[in-house]
Every structure is written in structure tokens, then in C-alpha cells.
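1. Mind looking at a prediction? Sequence and model below.
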Amino acid sequence: MVCVEEKLLVNILYRAESEVLKDIDISHLNFEKLIKIASAHLMLPALFFNIHKKNLSYLFPEDFVDYTKNIYSINKARNEVLISEAKELSQLLHKNNINHIFLKGSALILSDVFEDIGERMIGDIDFIVQDKDKEKIKNLLYNKNYYGLFPDSLFTFFKPRHFPRIVQKNKTIAIEPHTELLSPGYRCVINSKELINDFKDEAKSIKTPSKSFLFDHCIYNLQINDRGLYNSNYSHRSIYDIFKINCKNRLDIKNIKKDIYTKHYFLTINKFEIFDINITSTLLNSYFDKLIMVGRNILRKIYIRSIQIFELFVNYNYRKYALNKIINFSNKKTS
């Protein structure tokens with residue numbers, strides 16, 4: 001059941017001005033609840049942008065409009081800094097022959113997906129480099145006074161998706177260098193051939209993936225990395241990204257049903273009727289999908305635990321780390 005506040009948020013974000021009040025009784029609206037929902041989904045700037053664009057300010061109290069406008073203005077100013085710092089970072093990497101491609105929110109902003117750069121809230125600058133350049137970028141960023149740098153992983157079998165967020169004291173936006181797109185155990189899901197080909201292309205200052213790749217990565221990132229497949233969570237920021245990417249060649253039943261992740265993504269948000277897609281799931285299909293999800297997750301955990309046990313015997317640092325954890329736990333129990 002979608003509450004009236006979220007229904008209004010959906011109408012404002014995704015529908016024409018004439019449809020905003022469809023099935024909405026504005027007199028029963030809780031504006032504080034609307035703020036909380038939009039804030040939880042990181043959509044306050046996009047909410048204000050669409051209120052302003054669709055001339056809907058008359059529907060809201062003056063302090064509501066002023067508050068959302070302030071959030072939008074702060075976010076737009078921050079994104080202007082982000083663009084500047086992303087370009088500066090790209091020039092630095094390009095100068096040192098490190099081929100790189102921007103990802104996620106950074107790529108969407110740099111690709112001009114949005115009408116206004118103030119619409120999208122972004123945490124940090126995500127980009128991916130080739131594994132062969134991992135040591136090179138670590139040394140480069142260390143020499144450029146970035147801190148919070150790259151602790152060596154104890155789990156040598158499982159290359160982390162990205163290094164920890166790092167920041168430079170003279171910069172505003174943190175950066176997150178990736179070497180992988182998805183969590184261990186799921187890396188065969190997304191076809192990275194297009195990205196590999198992008199790395200082979202002649203290096204240029206700013207490089208972002210195609211819209212079709214951004215579309216797929218947006219879905220897989222939510223379904224796998226953020227575990228939306230298992231908890232049936234959805235994100236209006238992710239939905240809004242998909243809506244703005246407007247990748248029509250991906251929005252058909254054949255493509256949506258081609259894998260469990262894409263199908264589950266659109267089934268979860270089907271209640272909002274944002275996309276013109278007639279996708280349904282029978283009780284049997286739903287049960288079968290969940291069975292596959294649980295089975296995959298169990299096999300993945302067994303695989304990871306097996307490798308970790310193996311590493312106890314072959315990796316001295318990991319063995320030392322595990323023994324110290326046991327000793328510390330034992331000391332706490334006896335104290």
C-alpha cells in the first residue's frame with residue numbers, strides 16, 4: 001500500500017503537471033511525512049526541481065518550498081564543486097597514464113543525464129580503473145596527500161569491489177576508486193565487455209559509460225550490492241536515475257525478464273506505475289525466484305567460507321589476525 005505522501009512524490013517526479021493531483025486529496029497531506037520520505041530516498045533536491053519546473057509551488061506551504069529550495073541550492077553548489085574536482089582528478093589520472101571511467105552518480109552528472117545538476121544527490125566520485133593500475137593509483141593518490149588509503153585486504157582470493165572512500169584535505173568531495181563493479185560471487189552477472197572496450201579506446205579527459213551500461217549498472221548495483229534482491233527494498237533515487245536515463249531499448253518485457261535481477265527490480269516498483277511495462281509474476285514464479293535467490297546466496301556463502309578456511313592455512317597474516325581476534329574475545333570473556 002502506497003501512502004498518499006509517497007503517491008504525491010511519485011506524481012511530482014514522474015508525471016505531467018496535469019496528473020500530479022490524480023487520486024490525491026491535498027487536504028489530508030502530511031507535509032512533514034512527505035519531507036521524511038523524500039529525504040530518506042535522497043530526493044529533496046529533485047522534489048524541489050520538479051515542483052518549480054511544473055509550477056506546483058501553490059500546493060505547498062511557503063516554509064516547505066523554502067526548505068526544499070535551500071536543500072536544492074546547497075546540493076547544486078556541491079555538484080558544481082564535484083564536477084570541477086572530477087575533471088581535475090581525471091586530468092591527474094590521464095597525465096599519469098591511468099585509464100579510468102566514471103561510474104554511478106558521477107557518470108550521470110558528467111553525462112548530462114539530468115536537466116539540472118542540482119537534481120541528483122551524490123555522496124562521492126566513483127570511478128573504475130584497470131586492475132593492472134591498482135598499485136600505480138595507490139602510489140599516485142598517496143603522493144597527492146589523500147588519506148584513508150587502501151589497507152591491504154586479508155582475503156587475497158576476493159578482490160574488493162572498491163577501495164575505501166578517500167579524501168584530500170584540500171578537496172570537498174571524497175573519491176572511491178573501483179576495480180570491480182559488483183560484489184564477489186556476482187561478477188559474472190553483468191556483461192563488462194563494453195567497459196573493457198572503453199578502456200581500450202584512446203584515453204580522454206572525461207570518460208563515462210554508455211546510457212545502456214549505466215542503466216544496467218544502476219539496477220545491478222541496487223539489486224546486488226545494496227541487496228535489494230533479498231530484502232525487496234527500492235530506492236527512488238535509483239528509479240529516478242533509470243527514468244532520466246530513458247533507455248528505451250532496455251525497457252521491454254524481453255529484456256526485463258532476461259534475468260532475475262532486472263525482473264525483480266521492476267516487479268518491486270511496479271506498484272508506482274512509472275514505466276509503461278505490463279510485467280506480472282505468478283505465485284509459482286515468485287516462489288521459484290525466491291528459491292533461486294536463497295540457493296545462490298547459500299552457495300555463495302559456502303564458497304566464501306571455504307576460501308577463508310583455506311586461507312587460514314596458507315596466509316600467515318590472516319592466520320595471525322584470526323588468532324588475535326580469538327585471544328581478544330577470550331580476554332573479554334574472562335575479564
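-> Sure, I can see it.
2. Strands of the stretch 151-300 of the chain, start to end?
-> Remark: strands assigned in the stretch 151-300 of the chain by DSSP state E, counting those that start in this stretch are 167-168, 175-178.
3. Deepest in the core, which of those strands is it.
-> Of these, the one with the most neighbours on average (mean count of other CB atoms under 10 Å) is strand 175-178, at a mean of 20. From N, CA and C alone the C-beta is placed, and that goes for glycine too.
4. What average pLDDT does it get?
-> Regarding strand 175-178, the rounded mean pLDDT is 91.
5. Show me what that strand packs onto, helices and strands only.
-> Under the contact criterion of 3 or more CB pairs under 8 Å, 6 or more residues apart in numbering; DSSP states H and E, strand 175-178 touches strand 125-129, helix 134-143.
6. Give the pairing partners of the first one; include direction for each.
-> Strands flanking strand 125-129 in the sheet, each with its direction: strand 100-102 (antiparallel), strand 175-178 (parallel) (DSSP bridges).
7. Give me the helix or strand of this structure that scores worst on average pLDDT.
-> Of all helical and strand segments in the chain, the minimum by mean pLDDT, DSSP states H and E falls on helix 283-314, at a mean of 63.
8. Quick check: which ranges of the stretch 1-150 of the chain have low pLDDT?
-> 148-150 (pLDDT under 70).
9. one more time with 90, if that's ok
-> 1-2, 22-28, 97, 130-135, 138-139, 141-150 (pLDDT under 90).
10. what about the residue nearest to residue 2 when sequence neighbours are not counted, how many residues close to it?
-> Nearest residue to residue 2, sequence neighbours excluded (CB to CB, 6 or more residues apart in numbering): residue 271, at 6.1 Å. The number of residues packed near residue 271 is 13, by other CB atoms under 10 Å.
11. Assess the claim that residue 271 and residue 3 are in contact.
-> No: in this structure residue 271 lies outside contact range of residue 3 using CB atoms under 8 Å: 11.7 Å.
12. Now residue 247: closest residue in space that isn't a chain neighbour?
-> residue 215 (4.2 Å).
13. Mind listing what's buried along stretch 84-98?
-> 85-86, 89-90, 93-94, 98 (16 or more other CB atoms under 10 Å).
14. Output it as PDB - backbone C-alpha positions only.
-> Extracted C-alpha coordinates of stretch 84-98, given in PDB (Å, rounded to 0.1, in the frame of the first residue of the first chain):
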ATOM      1  CA  SER A  84      35.200  20.600 -11.100                       C
ATOM      2  CA  GLU A  85      37.000  18.100  -8.900                       C
ATOM      3  CA  ALA A  86      36.100  15.200 -11.100                       C
ATOM      4  CA  LYS A  87      37.600  17.000 -14.100                       C
ATOM      5  CA  GLU A  88      40.700  17.800 -12.100                       C
ATOM      6  CA  LEU A  89      41.000  14.200 -10.900                       C
ATOM      7  CA  SER A  90      40.600  13.000 -14.500                       C
ATOM      8  CA  GLN A  91      43.300  15.300 -15.700                       C
ATOM      9  CA  LEU A  92      45.600  14.000 -13.000                       C
ATOM     10  CA  LEU A  93      44.900  10.300 -13.800                       C
ATOM     11  CA  HIS A  94      45.200  11.000 -17.600                       C
ATOM     12  CA  LYS A  95      48.500  12.800 -17.100                       C
ATOM     13  CA  ASN A  96      49.800   9.700 -15.200                       C
ATOM     14  CA  ASN A  97      48.600   7.300 -17.900                       C
ATOM     15  CA  ILE A  98      45.900   5.700 -15.700                       C
END
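15. returning to that earlier point: out of the strands of the stretch 151-300 of the chain, nearest to residue 19?
-> strand 175-178 (37.8 Å; CB to CB).
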